[in-house]
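**Student:** Show me the folded form of this:
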Amino acid sequence: MPSQTFAAIAGKLWPGADYLYVDALGASGGIATLWNPMKIKGKLFASSQYFLAVSLHYGDLCWQMFNIYAPNSRARRRNLWEEISKITMTNQKDKMMLAGDFNAPLYSSEKCGGLEDFSDSMSDLATFINASNLVDIDLQEEKKRLALVNWDTMCLRKSLGGLGIQKINALNKALIAKVGWTLAKGEADCNSQVGGGVIRDQLGDMIAAYAGNLSESSVTQVEGMALLWGLKMANNIGIKHLEIEGDSKVIIDSIKGKASAGWKVEPILRDIRQLLVKLEDFTIDHIFREGNRAADSMAAKGRLQMGLRYWRNPNTLPITVKEIPDKEKALCQERTNPPAQ
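**Tutor:** Here you go, the predicted model:
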């Protein structure tokens, strides 16, 4: 296509836009990238018959945008993935995004109709994504297109063009260091900032659990919040009949009106009472910590949590909780089905 012809088309699509394009070969192909020159400066980075890479500068930010129109031939697609992979691997410091028509699904659910078996092409595409340290982002409900971004870019702050996602390895090291520092300072009361609990069914089997922490909170506040977290989880599950047990006597007695936990805890108690009203029936009793080992074990997990975490699937419960002896379960069954007199 003559440049004058494409310029006329681009002017109708986006008046005033700058652009770069790769001409079509015959009746297929042709790639174009357009941008607003008032905000973005663009220049050619690399190109071939099947892709167009443009460096887009917005202030101090720079993205390498790959616009792809992959061939139908699997062999040619593999050559294309290898060519792009070499470019991405030699430019790890740059933020990159790949988008366009890959002519191959990444998942079998993306394929609609046709007789061709795309399993090999799916494997080629997945290998290319992993080798290039890219992440597949779902931009459409049915995921008909792919937009691939370098994982290091995803972890940048939003102000630097990333998504602000935390790197798990770095986060894990930071949390371990925090616990080590707490222990090194001899803060024996660090458990006062954590809380947790478990929810059992009528047979005494654990069906859910939760753990969390609160900074700069008293023991009583956290114990109240632990009960509130459990009631919220039970409400979300749809539980209407509940037997509540806790090892904080001051919280239990305050809910029953037998004591006062103090003005700082009163807002928490108010929220607890509002959730209790939603239950069809409930009992609430104090038990000693020795009989509440599963909940106490979950509270210990809160020390390494960022905020609050719920475990809804019993199979994913922490192993330290699963290994709690069945004594508590037996007690639950005994209360539910008392022996005949």
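
**Student:** Every contact and neighbour count from this point should use C-alpha atoms.
**Tutor:** Noted.

**Student:** pLDDT score for the most centrally placed residue in the chain?
**Tutor:** Geometric centre of the chain, nearest residue: residue 165, 8.8 Å, by Cα atoms, centre = their mean. pLDDT, residue 165: 78.

**Student:** Which secondary structure state does it sit in?
**Tutor:** Of the three states, residue 165 takes coil under DSSP: H, G, I helix; E, B strand; the rest coil.

**Student:** Contact partners for it?
**Tutor:** By Cα atoms under 8 Å, 6 or more residues apart in numbering, the residues touching residue 165 are 154, 155, 156, 157.

**Student:** Report the separation between residue 196 and residue 87.
**Tutor:** 49 Å (Cα to Cα, to the nearest Å).

**Student:** residues making contact with the longest helix out of those in the chain?
**Tutor:** Longest helix in the chain by number of residues (criterion: DSSP state H): helix 219-237. Contact with helix 219-237 is made by 192-199, 210-214, 246, 248, 250-251, 261, 264-265, 268-269, 271-272, 275-276, as judged by Cα under 8 Å, 6+ apart.

**Student:** picking up where we left off before, looking at residue 196 and residue 87, which one has more neighbours?
**Tutor:** Each of residue 196 and residue 87 has its neighbours counted (other Cα atoms under 10 Å); residue 196 has more, 28 against 13.

**Student:** Am I right that the more buried one is in contact with residue 295?
**Tutor:** Yes. If you go by Cα atoms under 8 Å, residue 196 and residue 295 touch, sitting 5.8 Å apart.

**Student:** Distance of residue 58 relative to residue 39?
**Tutor:** 6 Å.

**Student:** scratch that, residue 246 is what I was asking about
**Tutor:** From residue 246 over to residue 39 (counting by Cα to Cα), the distance is 60 Å.

**Student:** Neighbour count for these two, which is higher?
**Tutor:** Neighbour totals were compared for residue 246 and residue 39, and residue 246 leads with 22 against 10 (other Cα under 10 Å).

**Student:** Neighbours of the nearest residue to that one once chain neighbours are set aside, how many?
**Tutor:** Leaving aside its sequence neighbours, residue 246 sits nearest to residue 286 (Cα to Cα, 6 or more residues apart in numbering; 5.2 Å). Residues near residue 286, counting by other Cα under 10 Å, number 15.

**Student:** got a pLDDT number for residue 286?
**Tutor:** Listed pLDDT for residue 286 reads 86.

**Student:** and if you look at residue 54?
**Tutor:** 91.

**Student:** What of residue 118?
**Tutor:** Confidence score, pLDDT, at residue 118: 60.

**Student:** I'd like the distance between residue 94 and residue 132.
**Tutor:** Using Cα to Cα, which is the criterion applied here, residue 94 is 13 Å from residue 132.

**Student:** Now do the strands in the stretch 51-200 of the chain.
**Tutor:** Using DSSP state E, counting those that start in this stretch, the strands of the stretch 51-200 of the chain run over residues 51-58, 61-69, 95-101, 134-137, 146-150, 194-200.

**Student:** Now do the fourth one, average pLDDT.
**Tutor:** The average pLDDT for strand 134-137 rounds to 76.

**Student:** Just the buried positions in it, please.
**Tutor:** By neighbour count on 16 or more other Cα atoms under 10 Å, the buried set for strand 134-137 is 134, 135, 136.
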